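# Whatever this is, show me its structure:
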Amino acid sequence: MTLTLAHARIIIKAAFEKGVAMNLKPLTIAVLDAGGSLIALERMDGASPMRPDIAIGKANGCVQLGIGSRALQTRAETQPFFIQAMNALAKGSLVPVPGGVLVKGKDGRILGAVGITGDTSDNDEACAVAGIETAGLTADHG
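Purely as a prediction, here's the structure:
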């Protein structure tokens, strides 16, 4: 199984709906495949200009290191030099805070990741999980 554009559209729609229901600030959502390539990116009206890079960075860190961005944050707190080095290798596209969630298939294989930014990191993460689960996939935020 692979993560498709159809999956990405379901994830984005459901995550935006969750954000609206929670009365969050404007969100930006990036969906990447297992190789780290962008499948889809959408910004709500009013989202600030840097948000696409942040959303991609949250998702990219997950895919490249195989763990959710919540786990990356913990690692950044305990091993800051490691995460700094990984961010350098990722050419600055690694954002180690919650809001990046791995997308897994029923067999546990990583299919890609979702990165969301715009509100608090915990709220961003909640929207990502809601979107992934609505698409019938498994969310792993670390």
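# Helices of this structure, start to end?
Applying DSSP state H to the chain gives helices spanning 5-21, 51-65, 69-78, 80-89, 121-134.
# any chance of those helices in CSV, with mean pLDDT and mean neighbour count too?
Every residue, glycine included, has its C-beta placed from N, CA and C. As requested, these are arranged in CSV below (pLDDT from 0 to 100; neighbours: other CB atoms under 10 Å):
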stretch, mean pLDDT, mean neighbour count
helix 5-21, 98, 19
helix 51-65, 97, 25
helix 69-78, 96, 19
helix 80-89, 95, 13
helix 121-134, 98, 23
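# nearest to Asp33, of these?
Judged by CB to CB, the one of the helices of the chain that comes nearest to Asp33 is helix 51-65, at 8.0 Å.
# quick check: angle from that closest one to helix 121-134?
Counting by axes from the mean of the first three to the mean of the last three CA atoms, to 10 degrees, helix 51-65 lies at 70 degrees to helix 121-134.
# on that earlier part again, wait, which of the helices of the chain is closest to Glu42?
helix 5-21 (5.3 Å).
# From the contact counts, what lies against the closest one?
Applying 3 or more CB pairs under 8 Å, 6 or more residues apart in numbering; DSSP states H and E, one finds that helix 5-21 contacts strand 28-33, strand 38-43, strand 110-117, helix 121-134.
# circling back to that earlier point, closest one to Val103 among the helices of the chain?
helix 121-134 (5.4 Å).
# And that closest one, what does it pack against?
Judged by 3+ CB pairs under 8 Å, 6+ apart, the packing partners of helix 121-134 are helix 5-21, strand 28-33, helix 69-78, strand 100-104, strand 110-117, strand 138-140.
# if we go to 7 Å?
helix 5-21, strand 100-104, strand 110-117, strand 138-140 (3 or more CB pairs under 7 Å, 6 or more residues apart in numbering; DSSP states H and E).
# For the second one, C-alpha coordinates in PDB please.
Read that as strand 100-104. Taking C-alpha atoms only, strand 100-104 is exported to PDB below (Å, rounded to 0.1, in the frame of the first residue of the first chain):
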ATOM      1  CA  GLY A 100       4.500  15.900  12.600                       C
ATOM      2  CA  VAL A 101       2.800  12.500  12.600                       C
ATOM      3  CA  LEU A 102       3.900   9.400  10.800                       C
ATOM      4  CA  VAL A 103       1.200   7.700   8.600                       C
ATOM      5  CA  LYS A 104       1.400   3.900   8.900                       C
END
